[in-house]
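Engineer: Sequence plus the predicted model coming up.
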Amino acid sequence: LVSRMRAFGTTIFAEMSALAVQTGAINLGQGFPDTDGPAAMLDRAVQAITSGANQYPPGPGVLELRQAVSEHRMAQYRLDYDPAGEVLVTVGATEAIAASVLALCEPGDEVIAFEPYYDSYAASIALAQARLAAVTLRPVNGRFTFDPDELRAAVTPRTRAILVNSPHNPTGTVFTRDELTVIAELCQEHGLIAITDEVYEHLTFDGVEHVPLATLPGMRERTVMISSAGKTFSVTGWKTGWVCAPPELVRAVSTVKQFLTFTASAPWQLAVAYGLRTELEWVAALRAGLQDKRDRLMDGLAAAGFEVLRPSGTYFVQTDIRPLGFEDGLEFTRRLPELAGVVAIPTQVFYDHPERGSHFVRFAFCKKDEVIDEAVTRLKRLS
Ligand code: PMP
Ligand code: GLN
């Protein structure tokens, strides 16, 4: 293995899901729902296969999906992207992020990301031989946010891009317009490209609205906007994502993407196009249901003795384990199956400064109510 990848080992999601299978523990670690997406959309995938959508689709993606993505961006955010040159379909958001970083960063360039960050960011940046500059999100009145001065101080002459994930995994923070304005101004002042990861765009709670960075003045022209179908339609295994950006940026990302995977699987693309056009009511119901599940898990975790931080978006709740008498989340989550028959994710693995997150543990709530309830019953054994 090349030296720049040696630090990465196995992802925490693979490690913890394997632990769940091995021990029979309830898996509130890796974020994937235990119920299926809209039935008619699943039927469309079957129909796509039986009606012959089984050969290579065009490199940029099936036109129908690029059109549906474009219509969806317009309807949701009043953002205008041309399906012919400003939309690229990828193998999930993961490929979109990797291809964007590889296409836009020279070796030695710096990419700012907020820690804790989704694990593929550091690996994509390392593959590009660029450097990650982490700006720490810290809880202020129970909500993770950044210090604008720390963000400004992270910019150097080598800074090329900033990776912005909102709604944010793993903290559940949805950046406010004010926070996004700080980021937007910095991008314009220093000529930075913004790469946005918006895979949880539809999963926000308590009336909080997701604001895409590209909708802020001066940002559409310098933003690579990324999303995917996995979270929106509860089909994380379909691995269908997309990039929306001005033609020059999409051309750069496509140049790399064509040699990573050439193109993404055809049947899912047709089904996701249908989903974006016809199933947004289903998504609204998913969002409402998830808000109830969030509250259910938060109440249960609090009753079990955790300090719980309220997320405004995503599938995840952050907890502080210190009230239970534990200090180290990695040690805690490795023992949790044996202690309580539950699997969770140690947030510290998403930091460049693990000591800043050592006492945080992430629990997923995209699970059936009875699964959440049983996990809570088990976790109450801890106190
Ligand atoms: N970004 C974030 C923040 C995520 O949580 C995930 C995990 N689903 C991804 C990207 C990857 O998305 P996809 O499965 O579409 O590659
Ligand atoms: N995005 C999901 C999570 O954060 C799953 C990621 C993965 O398995 N790579 O749990």
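Structural biologist: Structure's in. What do you need? Ligands and ions are numbered 1, 2, ... in the order given.

Engineer: Which stretches in the stretch 51-200 of the chain count as helices?
Structural biologist: Along the stretch 51-200 of the chain, counting by DSSP state H, counting those that start in this stretch, helices occupy 63-77, 92-104, 120-127, 148-153, 177-190.

Engineer: packing partners for the fourth one?
Structural biologist: So that's helix 148-153. Helices and strands touching helix 148-153, by 3 or more Cβ pairs under 8 Å, 6 or more residues apart in numbering; DSSP states H and E, are strand 131-136, helix 177-190. Using the backbone N, CA and C atoms, a C-beta is placed for each residue, glycine as well.

Engineer: Now do the same for the residue lying closest to Phe32 once chain neighbours are set aside: its pLDDT.
Structural biologist: Nearest residue to Phe32, sequence neighbours excluded (Cβ to Cβ, 6 or more residues apart in numbering): Thr236, at 4.6 Å. As predicted, Thr236 sits at a pLDDT of 98.

Engineer: now Tyr121
Structural biologist: 98.

Engineer: List the buried residues of stretch 96-109.
Structural biologist: Burial within stretch 96-109, assessed by neighbour count using 16 or more other Cβ atoms under 10 Å, is assigned to 96-105, 109.

Engineer: returning to that earlier point: turn the helices of the stretch 51-200 of the chain into a markdown table, including distance to ligand 1.
Structural biologist: Shown next, in a markdown table, are the helices of the stretch 51-200 of the chain (distance: least, Cβ to the nearest ligand atom, whole Å):
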| stretch | distance to ligand 1 |
| --- | --- |
| helix 63-77 | 13 |
| helix 92-104 | 2 |
| helix 120-127 | 7 |
| helix 148-153 | 19 |
| helix 177-190 | 16 |
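
Engineer: For these, state which one has the densest average packing.
Structural biologist: Mean neighbour count (mean count of other Cβ atoms under 10 Å) peaks for helix 92-104 among the helices of the stretch 51-200 of the chain, with a mean of 24.

Engineer: mind checking how far Ala364 is from His353?
Structural biologist: 24 Å (Cβ to Cβ, to the nearest Å).

Engineer: Tell me which of those two has more neighbours.
Structural biologist: Neighbour totals were compared for Ala364 and His353, and Ala364 leads with 25 against 12 (other Cβ atoms under 10 Å).

Engineer: Can you name the residue of the stretch 101-250 of the chain nearest ligand 2?
Structural biologist: Using Cβ to the nearest ligand atom, Asn169 is the residue of the stretch 101-250 of the chain that sits closest to ligand 2, at 5.1 Å.

Engineer: and the stretch 1-150 of the chain, which residues reach ligand 1?
Structural biologist: 92-94, 118 (Cβ under 6 Å from any ligand atom).

Engineer: 8 Å instead?
Structural biologist: 31-32, 91-97, 118, 120 (Cβ under 8 Å from any ligand atom).

Engineer: and this protein, which of its residues are near ligand 2?
Structural biologist: Contact residues, the chain versus ligand 2 (Cβ under 8 Å from any ligand atom): 11, 13-14, 17, 29-32, 94, 118-120, 169-170, 199, 230-231, 236, 315-316, 345, 362, 364.
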